[in-house]
Every structure is written in C-alpha cells, then in structure tokens.
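> Sequence first, predicted coordinates after that:
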Amino acid sequence: AILAQAISAQVVAHRLSGPFNFDPRSTACRPSLNDMFLSPVLLRNKSKRLAVKLVSSVQTGFRYWTHKSPLKRDTRVALLKYDPIVNRHVMFYETPISKPARKPRRPRPMAWFRWTGKNIQDLVKDVGRRHEQRGTF
C-alpha cells in the first residue's frame with residue numbers, strides 16, 4: 001500500500017509539472033499576443049473554396065462576394081439576387097477578381113557589387129568621395 005501511494009504521488013507530481021497543465025495566471029507559460037497573431041499557422045487559409053465576385057447585370061456597380069466549389073472552377077456563376085440601387089432582383093454574374101499590380105523589384109547595385117566584386121572600383125570611389133564631403137563614413 002505504501003508503494004502504491006508513493007507511485008501515485010510521483011504520477012500526480014509528474015502530471016502537475018507536465019506541459020499540458022499550467023497556471024493560467026502565469027505569464028511564463030503563455031506566448032505573447034504578437035507571437036499568437038503573427039503565427040504562420042493562423043495566417044494560412046485552409047479553405048479550398050474559391051472567392052467569387054458577383055456584379056450586377058444592370059451595371060449599377062453593386063456587387064456581392066461569395067464562395068464556390070473548386071470543382072466548378074471552369075463554370076461561371078450566375079445568380080438572381082437583390083440589387084438595392086434599382087430596388088429589384090436582377091441577375092448577378094461572376095467577374096474575375098483583379099489582383100493588385102506587383103511592384104517592380106528595386107535594383108540593388110551596392111549589394112550586387114559586394115556580392116560579385118564586379119565594378120568594385122566605382123564603389124570605392126563613391127565611398128571615398130562621400131568621406132571627403134562628410135568627414136565620416
């Protein structure tokens with residue numbers, strides 16, 4: 001009986017010190033708020049459904065956003081929905097979602113000089129000129 005009590009006491013102590021049992025008031029066990037929201041796991045979109053923009057056929061500019069199955073990627077969605085601008089139900093058709101224009105990559109000549117060693121004389125002259133003007137690097 002004494003041996004059983006000693007083993008159960010060790011099991012309880014191990015469970016209390018384990019990673020799954022912690023004091024919620026303690027800040028040592030909790031990740032910071034920034035770590036939680038900047039996690040790549042939370043930023044991932046797990047849904048396979050495709051976002052679709054539906055635009056009114058009477059060209060009022062009113063639009064709805066919805067999702068559709070990835071199996072129906074090739075078919076165009078057309079739904080009869082309410083347009084509040086003309087105050088009636090009209091056909092809404094799927095339109096392609098425009099992606100924002102990508103900014104062109106900025107050339108980085110200084111990094112290229114340092115990396116390859118080509119045209120390093122121009123870099124040395126430029127640094128020397130700046131040192132003469134400012135007096136410091």
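Sure, I can see it. Residues are numbered from 1 along each chain as shown.
> All the helices of the protein, in order from the start?
2-17, 33-37, 40-43, 109-116, 120-134 (DSSP state H).
> Out of the ones you listed, which gets the lowest mean score?
Ranked by mean pLDDT, the helices of the chain bottom out at helix 2-17, with a mean of 51.
> which residues sit in contact with the spatially closest residue to residue 93 that is not a sequence neighbour?
The spatial neighbour of residue 93 that comes closest, neighbours along the chain excluded (C-beta to C-beta, 6 or more residues apart in numbering), is residue 78 at 5.2 Å. Where you see a C-beta, it was placed from the backbone N, CA and C, and this is true even at glycine. Residue 78 makes contact with 91, 92, 93, 94 under the criterion C-beta atoms under 8 Å, 6 or more residues apart in numbering.
> Let's see that with 10 Å instead.
54, 57, 91, 92, 93, 94 (C-beta atoms under 10 Å, 6 or more residues apart in numbering).
> Touching, the first one and residue 65? I think so.
Think residue 54. Yes: counting by C-beta atoms under 10 Å, residue 54 touches residue 65, with 7.4 Å between them.
> about what we covered before: tell me which entries of the contacts of residue 78 lie within strands.
54, 91, 92, 93, 94 (DSSP state E).
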